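Enquirer: Next input, structure requested:
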Amino acid sequence: MALSRRIVLTLALIAAPLLGAAANPIAGTWQATEGGQSVEITLSPDGAFARRDRGPSGPEMTVSGRWSLSDPGPWLRLTVDDWAPRRACGLFGCTDIRMLPAETFRVLQYDNDHLVLEDPGGRTEFRRAG
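Expert: I've put the predicted structure just below:
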């Protein structure tokens, strides 16, 4: 991506919350599917997020909290407030499910219908769902 295009993208994503909640271009519902797993994340204009992860044979996991964008990058930061389920049970008993307090993703590409995020685990390509 050309440097000038990256600067424009960064400024648009960072400045949008200052212009009003409805103006934030990254707000909305995004979906990604790969290898039988799916992720749906809703980034609300007010800074709240809700994520639902579904695996091919496991229970659904939901995570919610607050989201923000920061520069340089831009970086999408998800601060986790709540998740479910909180316990997993199997043949050998139950165990607590722990979550990191936050996740950070680099925004590699964004347009109206396409969002590419990257973290140490790799890239995830999302399509706008709503």
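Enquirer: quick one: which helix or strand includes the residue nearest to the spatial centre of the chain?
Expert: For the chain, the residue nearest the mean C-alpha position is Ile41 (5.6 Å; Cα atoms, centre = their mean). Assigning secondary structure by DSSP states H and E places Ile41 in strand 37-43.
Enquirer: so what secondary structure elements neighbour that strand?
Expert: Under the contact criterion of 3 or more Cβ pairs under 8 Å, 6 or more residues apart in numbering; DSSP states H and E, strand 37-43 touches strand 28-34, strand 48-54, strand 122-128. Bear in mind the C-beta positions are built from the backbone N, C-alpha and C, glycine included.
Enquirer: one more time with 6 Å
Expert: Packing contacts for strand 37-43, counted by 3 or more Cβ pairs under 6 Å, 6 or more residues apart in numbering; DSSP states H and E, involve strand 28-34, strand 48-54.
Enquirer: any idea how far Pro101 lies from Val63?
Expert: For Pro101, the distance to Val63 equals 11 Å [Cβ to Cβ, to the nearest Å].
Enquirer: quick one: which of the two has more around it?
Expert: Taking neighbours as other Cβ atoms under 10 Å, Pro101 and Val63 compare with Val63 leading, 18 against 9.
Enquirer: outside of the helix or strand where the more buried one lies, which residues touch it?
Expert: In this structure, Val63 is located in strand 61-70 according to DSSP H and E. When contacts are taken as Cβ atoms under 6 Å, 6 or more residues apart in numbering, the neighbours of strand 61-70 outside the stretch itself are 13-14, 43, 47, 49-53, 76-84.
Enquirer: What mean pLDDT does it get?
Expert: The pLDDT scores in strand 61-70 average 95.
Enquirer: That strand pairs with which strands?
Expert: Strands adjacent to strand 61-70 in the sheet, as given by DSSP bridges, are strand 48-54 (antiparallel), strand 75-84 (antiparallel).
Enquirer: Just put these in a markdown table and tack on distance to Asn24, mean neighbour count and mean pLDDT.
Expert: As requested, these are arranged in a markdown table below (distance: least, Cβ to Cβ, whole Å; neighbours: other Cβ atoms under 10 Å; pLDDT from 0 to 100):
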| stretch | distance to Asn24 | mean neighbour count | mean pLDDT |
| --- | --- | --- | --- |
| strand 48-54 | 12 | 17 | 97 |
| strand 75-84 | 12 | 16 | 96 |
